[in-house]
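Novice: below are the sequence and a predicted model; questions follow.
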Number of protein chains: 2
Amino acid sequence: MPEPMPESISEPIPVYQDIVEAHERISGFVHRTPVLTSVSINEIFDTSLYFKCENLQKVGAFKFRGACNAILSLSEEERQKGVGTHSSGNHAAALSLAARMQGVQAHIVMPDNASEIKKVAVESYGGIITFCEPTLEARETGMAKIMAKTGCTFVPSYDHPDIVCGQGTAAKELIEDTGKLDIVLAPVGGGGLISGTSISTRGLLPGAKVIAVEPAGADDACRSFTTGKFHPSVNPQTMADGLLTSLGKLTFRVIRKNVDEIVTVSEESIVGAMRLLWERMKIVVEPSGAVPLAGILEKKIDVKGKRVGIILSGGNLDLSKLPF
Amino acid sequence: MPEPMPESISEPIPVYQDIVEAHERISGFVHRTPVLTSVSINEIFDTSLYFKCENLQKVGAFKFRGACNAILSLSEEERQKGVGTHSSGNHAAALSLAARMQGVQAHIVMPDNASEIKKVAVESYGGIITFCEPTLEARETGMAKIMAKTGCTFVPSYDHPDIVCGQGTAAKELIEDTGKLDIVLAPVGGGGLISGTSISTRGLLPGAKVIAVEPAGADDACRSFTTGKFHPSVNPQTMADGLLTSLGKLTFRVIRKNVDEIVTVSEESIVGAMRLLWERMKIVVEPSGAVPLAGILEKKIDVKGKRVGIILSGGNLDLSKLPF
């Protein structure tokens, strides 16, 4: 059900200079991930694709960038009281490690049906887990209790300028390494990655197109973008489990301002793109990370003869449950 | 059955300067592959591991380095007549692509039971395949016929100075990127990679240990090294299909001179090491490439508190037949 966006939002959208500052802040702590190319994939599509490998980032996902930026932006008093988030995914692990690296305690509220792999990851990075029922309400209530008790700072997983700017450093590095690109692609879920990507691209390559790619079974961002009204993500159906969430207020505004197009892709194409990345490039990419290449596979993005940057968002998945 | 090595071999062993020259020759054509690290793997073993990712090399394996060096070392007359090899593995694909990139024709003799994937790879890189029965004799006879007909130059897959020096450029790049290392590890099959690795390490880090790692089910190199007499590989049993071959005459000499130790590992450890690399580092590594880390998993190599370079040799395997 579409909901109109409030007209009164006046908080400024982050600008490229904010990403430059975020990059200075985090660059001693994050991997400068490699940009990989593949002769054989380029031949298939008659193009030049540059893959920014955030699957090779610490914690296996770009989420570590935003988490680091948020932690490094805390005041000394805030650092003492710790940080918290409710998340069952990469953000919880990313925040736990980023916090530990700075001597800050992370509190994670996690649904009790979260996978064992995710629990172990958060614990191994020193996050303190509080389990709750698997509803948004229970997560928010659980978080509020911990914040009341510890005074910790809530770090949202995408809808915050510090997070958006941290995520944008991946595209900044990509463009610094490749030079001119005609198109930059990233997946869209909550919109933190594509927002940061779009700000870096507008800042460094004003003429390049920024295209977001989304699973057809979770096409709320596409519908919100097309109609100009916020559509929440309701009962999304996709294997790309990093892209299930709704856009945030900030990320929706950034996307409307900076993104040229949102393209949707089928589950079959996501598997095909994953397989291509694993087989030809020898890297482990999770379904969410393969979504942009799926858009090229489906010929929904015209890449012929162009230079195209692609953010491979992450590589976290259960190896015993592969779709091939 | 051990065979004494001929005492009369006087052909000089390549030296580090030969690898420097090979590197100048090939560096415009090969990927300078990234050196990756993993916080979590380092924590498990209380060490600092630096993985040189030759699985991300063109053709998915270090073999492309040696093939490029061999092609670029041809005279103009030899280039005109093409190159040939008999191989069912990575070398055939590597030679085909390296030849095509220089406008040289590659002739590949391949057993008719080679996998469809390998045939397609060679063909896609422009190699002309001649099928033969799956015996060494049939392969050699097939090759001799093609050489007689075309005048092409035979490029062996490991036992040749050009190949050894090309493979050694991976360790050269690794050490240039990491600085001082205490130990350098590589798998050993025919010995081309470990030979080149050992020459680069002796050249750049005379104090570092060079350790080769081999599957226990294909431990001919270990037996040859320990006894000082050549043991051929007879009926090897391992999933590490890149390490089935016997040492060559040249590579055995280089290994005896430069390598400090050969360690053997179980199949179970190879799977464990593969899984660690895939899950924690998000890269696709074939069983042969996981063999050195398996040696660390088995605690057969003391890495505690040390800086250890590891050559991840390749990432070519059938994704529908994973051991996990």
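Specialist: Looks like it arrived, so ask away.

Novice: mean confidence for stretch A:19-26?
Specialist: For stretch A:19-26, the mean per-residue pLDDT is 98.

Novice: separation between A:Glu24 and A:Val164?
Specialist: 16 Å (C-beta to C-beta, to the nearest Å). From N, CA and C alone the C-beta is placed, and that goes for glycine too.

Novice: residue numbers of the stretch 51-200 of chain A in contact with chain B?
Specialist: A:55-56, A:58, A:60, A:97, A:124 (C-beta under 8 Å from any C-beta of the partner chain).

Novice: which of A:Glu24 and A:Val164 has more residues huddled nearby?
Specialist: A:Val164 (30 against 11; other C-beta atoms under 10 Å in any protein chain shown).

Novice: show me where the stretch 1-150 of chain A has strands.
Specialist: A:35-36, A:48-53, A:83-86, A:106-111, A:128-132 (DSSP state E, counting those that start in this stretch).

Novice: low-confidence ranges, the stretch 151-300 of chain A, go.
Specialist: Scanning the stretch 151-300 of chain A for pLDDT under 70 picks out nothing.

Novice: list the beta-bridge partners for A:Met110.
Specialist: Per DSSP bridges, the residues bridged to A:Met110 are A:Phe131.

Novice: so what's it up against?
Specialist: A:86-88, A:92, A:118-119, A:122, A:129-132 (C-beta atoms under 8 Å, 6 or more residues apart in numbering or on different chains).

Novice: who wins for most neighbours among those residues?
Specialist: A:Ala92 (28 neighbours).

Novice: for that one, which non-adjacent residue is closest in space?
Specialist: A:Ile108 (4.7 Å; C-beta to C-beta, 6 or more residues apart in numbering or on different chains).

Novice: tell me how many other residues surround that neighbour.
Specialist: 30.

Novice: can you pull the contacts of it?
Specialist: A:84-87, A:92, A:95-96, A:122, A:127-130 are the contacts of A:Ile108 under C-beta under 8 Å, 6+ apart.

Novice: circling back: ok, so of the residues of the stretch 51-200 of chain A next to chain B, who is nearest chain B?
Specialist: A:Asn55 (4.5 Å; C-beta to the nearest C-beta).

Novice: correct me if wrong: A:Pro292 contacts A:Pro187.
Specialist: Yes - between A:Pro292 and A:Pro187 there is a contact at 5.9 Å, judged by C-beta atoms under 8 Å.

Novice: overlap in contacts of these two?
Specialist: Common neighbours of A:Pro292 and A:Pro187 (C-beta under 8 Å, 6+ apart) are A:213, A:311.

Novice: min pLDDT across the contacts of A:Ile108, which one?
Specialist: Among the contacts of A:Ile108, A:Ser87 has the weakest pLDDT, 84.

Novice: in helices, which of the residues of the stretch 51-200 of chain A next to chain B appear?
Specialist: Using DSSP state H, A:97, A:124 are the members of these that sit in helices.

Novice: tabulate the residues of the stretch 51-200 of chain A next to chain B (a markdown table), appending neighbour count.
Specialist: Formatted as a markdown table, these follow (neighbours: other C-beta atoms under 10 Å in any protein chain shown):
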| residue | neighbour count |
| --- | --- |
| A:Asn55 | 26 |
| A:Leu56 | 26 |
| A:Lys58 | 25 |
| A:Gly60 | 28 |
| A:Leu97 | 27 |
| A:Ser124 | 14 |
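
Novice: which one of the residues of the stretch 51-200 of chain A next to chain B is nearest B:Gly305?
Specialist: Nearest to B:Gly305 among those: A:Ser124, at 21.0 Å, using C-beta to C-beta.

Novice: in chain A, which residue sits furthest out from the middle?
Specialist: Taking C-alpha atoms, centre = their mean, the residue of chain A most remote from its mean C-alpha position is A:Lys149, at 29.7 Å.

Novice: from B:Ser195, how far out is it?
Specialist: 62 Å.

Novice: give the contact list for the closest residue to A:Ala114 other than its chain neighbours.
Specialist: Leaving aside its chain neighbours, A:Ala114 sits nearest to A:Ser88 (4.4 Å; criterion: C-beta to C-beta, 6+ apart). Neighbouring residues of A:Ser88 by C-beta under 8 Å, 6+ apart: A:110-111, A:114, A:118.

Novice: any idea how far A:Ser88 lies from B:Arg275?
Specialist: Distance from A:Ser88 to B:Arg275, by C-beta to C-beta: 23 Å.

Novice: please, where are all the helices along chain A?
Specialist: A:16-26, A:39-45, A:63-72, A:76-81, A:90-101, A:116-124, A:136-150, A:161-178, A:192-204, A:220-227, A:249-258, A:267-281, A:287-297.

Novice: those: which one's closest to B:Arg280?
Specialist: Ranking the helices of chain A by proximity to B:Arg280 (C-beta to C-beta) places helix A:116-124 first, at 10.3 Å.

Novice: centre of the chain to that closest one, how far?
Specialist: 19 Å (C-alpha atoms, centre = their mean, to the nearest Å).

Novice: got the angle for that helix vs helix B:267-281?
Specialist: Angle, helix A:116-124 to helix B:267-281, by axes from the mean of the first three to the mean of the last three C-alpha atoms, to 10 degrees: 70 degrees.

Novice: quick one on the thing from earlier: of all the helices of chain A, which one is nearest B:Leu322?
Specialist: helix A:267-281 (10.4 Å).
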